[in-house]
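Chemist: fold the following and give me the result.
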Amino acid sequence: RFFVNFPSAKQYFSQFKHMEDPLEMERSLQLRKHARRVMGALNTVVENLNDSEKVSSVLALVGKAHALKHKVEPIYFKKLTGVMLEVIAEEYANDFTPEAHGAWTKMKTLIYTHVTAAYKEVGWAQYPTATL
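Modeler: From the prediction side, this is the model:
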């Protein structure tokens, strides 16, 4: 859904940036592998919410890698976490209480705040198209 809603995000993925068909993207082994890494990092954050140093460390690694190695604009983290929130709300509609929505909204903010802090730390501002 992320790539359907924000096709410009595909530019950062050489393996599937030219794919147009959502089913083809869904079947892509490279995309599935990346999605597992994303969900693994999210799982680590959730499991360690009581350990702020671990959360900061995990999200700093993610932010620095995406800033320095992949050169992904940080706004895509806000977009991705928004799409994740939409999907969770749809998939778990019966259990997605206002409290759950509030908790996931806080998680979304936590992720974006820590990731963008890592971008700032590595000097992302040097890139003229930066959007923090």
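
Chemist: which ones are touching Val38?
Modeler: For Val38, the contact set (CB atoms under 8 Å, 6 or more residues apart in numbering) comprises Leu80. All C-beta atoms are positioned from the backbone trio N, CA, C, and that covers glycine.

Chemist: in the helix or strand of the chain with the lowest mean pLDDT, what's buried?
Modeler: Every helix and strand in the chain was compared by mean pLDDT, DSSP states H and E; the lowest is helix 22-27, with a mean of 91. Using 16 or more other CB atoms under 10 Å as the burial criterion, the residues of helix 22-27 that qualify are Met25.

Chemist: check which element follows that helix along the chain.
Modeler: Later in the chain than helix 22-27, the nearest helix or strand by DSSP states H and E is helix 29-47.

Chemist: neighbouring contacts of the very next helix or strand once past that following helix?
Modeler: The helix or strand immediately downstream of helix 29-47 is helix 52-64, counting by DSSP H and E. Contact with helix 52-64 is made by 41, 44-45, 48-49, 74, 110-111, 114-119, 121-122, as judged by CB under 8 Å, 6+ apart.
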